[in-house]
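Peer 1: Take a look and give me a structure for this.
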Amino acid sequence: MEIKVENLTKNYRKRTVIDHISCILKPQKYGLIGPNGSGKTTFIRCLLQIINYKGTITFGEEKQNKQLQIGYLPQTFSAFKELSVYEQLEYFLVLKNMTQNKNDEIDRVLKIVNLEDYKHQKTNSLSGGMMRRLGIAQALLGQPDILIFDEPTVGLDPDERLRFREIINNIQLDIPVILSTHIIEDVSHVCDQIIFLKNGQIKYIGDIHILLEKANGHIYECPIEKFDIIKEKILKLEIKEHQLRIFSSSNLNYPFLTTVKPTMEDIYQTINQSNETIF
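Peer 2: Below is the predicted model:
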């Protein structure tokens, strides 16, 4: 299923938070990134259909006369402490109006998130990482038309972050999956596509590998003491020990510069700092 967004606009009083966004979300995994205040949360709320907006969002032609099913993991996920993992998922099934084959469905999602052995355990005894996996499980219940994960790895230890990436990488669904995060490393490991929001507008949407290829040959390391010698317009991306990591839209030819392989963090910093369309 594809989701077509046309001229999406959202204003809060006199402030434009989403500014005439148009895009098509295909059955792929998207990393939604951008600085604070870029409009990520508002964009998600529009997709969730929980706020009013101008413009249109079309969830596939076949869904126009049917109830939309959204799988959503909010940044803060909680559960009823007195319920077991199984009972909590039963509760979510009722909310989603899904009562047929509930045992099979609950077992299916628990297997995906590796919580089968904890189905009868009270939710108040779960670790933070296990609670996050329960959140993923409830998002996967039924046949969602879109999956949205909002800052899913915030506060998780490295092992649980790796476990989350593995779970998402193993999800095979013919729907758009959106991962909104500030952790660029997660996007690199999980997503094939990125949506970069800045000032309520999409600055880039497309394939991550193509974007990295475009940046190839434009990222350099420069000794700090040599930086002022460079005459071309550059962007400072990172300061590390005695080295500057920089971006230049033109090829630089200075003997003290070292060309380095671009990373998604480089891409993020470059788009975030520039007022021009670079990629």
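Peer 1: quick one: the strands in the stretch 151-279 of the chain?
Peer 2: 177-180, 193-198, 201-207, 219-223, 235-240, 243-247, 258-259 (DSSP state E, counting those that start in this stretch).
Peer 1: Would you format those strands as JSON lines with distance to residue 29, mean neighbour count and mean pLDDT included?
Peer 2: Any C-beta I mention is one placed from the backbone N, CA and C, and that applies to glycine too. Converted to JSON lines, these look like this (distance: least, C-beta to C-beta, whole Å; neighbours: other C-beta atoms under 10 Å; pLDDT from 0 to 100):
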{"stretch": "strand 177-180", "distance to residue 29": "5", "mean neighbour count": "24", "mean pLDDT": "96"}
{"stretch": "strand 193-198", "distance to residue 29": "7", "mean neighbour count": "22", "mean pLDDT": "97"}
{"stretch": "strand 201-207", "distance to residue 29": "11", "mean neighbour count": "17", "mean pLDDT": "96"}
{"stretch": "strand 219-223", "distance to residue 29": "25", "mean neighbour count": "19", "mean pLDDT": "97"}
{"stretch": "strand 235-240", "distance to residue 29": "26", "mean neighbour count": "15", "mean pLDDT": "94"}
{"stretch": "strand 243-247", "distance to residue 29": "26", "mean neighbour count": "20", "mean pLDDT": "96"}
{"stretch": "strand 258-259", "distance to residue 29": "30", "mean neighbour count": "12", "mean pLDDT": "97"}
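Peer 1: Serialize those to JSON lines and add fields for distance to residue 125.
Peer 2: JSON lines is the format used below for the strands of the stretch 151-279 of the chain (distance: least, C-beta to C-beta, whole Å):
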{"stretch": "strand 177-180", "distance to residue 125": "28"}
{"stretch": "strand 193-198", "distance to residue 125": "37"}
{"stretch": "strand 201-207", "distance to residue 125": "42"}
{"stretch": "strand 219-223", "distance to residue 125": "47"}
{"stretch": "strand 235-240", "distance to residue 125": "42"}
{"stretch": "strand 243-247", "distance to residue 125": "45"}
{"stretch": "strand 258-259", "distance to residue 125": "52"}
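Peer 1: Figure out which of those strands is closest to residue 137.
Peer 2: Residue 137 lies closest to strand 177-180 among those, at 15.1 Å (C-beta to C-beta).
Peer 1: Report the separation between residue 129 and residue 107.
Peer 2: Residue 129 sits 21 Å away from residue 107, going by C-beta to C-beta, to the nearest Å.
Peer 1: Correction: the previous question concerned residue 89.
Peer 2: Residue 89 is 10 Å from residue 107, by C-beta to C-beta.
Peer 1: And these two? Which one has more around it.
Peer 2: Using other C-beta atoms under 10 Å, the more surrounded residue of residue 89 and residue 107 is residue 89, with 23 against 15.
Peer 1: right, and that one touches residue 109 too?
Peer 2: Yes - assessed by C-beta atoms under 8 Å, residue 89 is found in contact with residue 109 at 7.0 Å.
Peer 1: Could you tell me which residues touch both of those two?
Peer 2: Common neighbours of residue 89 and residue 109, counting by C-beta atoms under 8 Å, 6 or more residues apart in numbering, are 137, 138, 141.
Peer 1: Low-confidence regions, the stretch 151-279 of the chain specifically.
Peer 2: Scanning the stretch 151-279 of the chain for pLDDT under 70 picks out no residues.
Peer 1: which residues of it fall in helices?
Peer 2: With DSSP state H, counting those that start in this stretch applied, the stretch 151-279 of the chain shows helices at 158-170, 184-190, 208-215, 264-273, listed in chain order.
Peer 1: In a markdown table: those, plus mean neighbour count and distance to residue 116.
Peer 2: Shown next, in a markdown table, are the helices of the stretch 151-279 of the chain (neighbours: other C-beta atoms under 10 Å; distance: least, C-beta to C-beta, whole Å):
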| stretch | mean neighbour count | distance to residue 116 |
| --- | --- | --- |
| helix 158-170 | 15 | 14 |
| helix 184-190 | 19 | 23 |
| helix 208-215 | 15 | 33 |
| helix 264-273 | 20 | 34 |
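Peer 1: ok, the residue most central in space within the chain to residue 121 distance?
Peer 2: Closest residue to the average C-alpha location of the chain: residue 179 at 2.2 Å, with C-alpha atoms, centre = their mean. For residue 179, the distance to residue 121 equals 27 Å [C-beta to C-beta].
Peer 1: again, but for residue 221
Peer 2: Distance, residue 221 to residue 121, by C-beta to C-beta: 50 Å.
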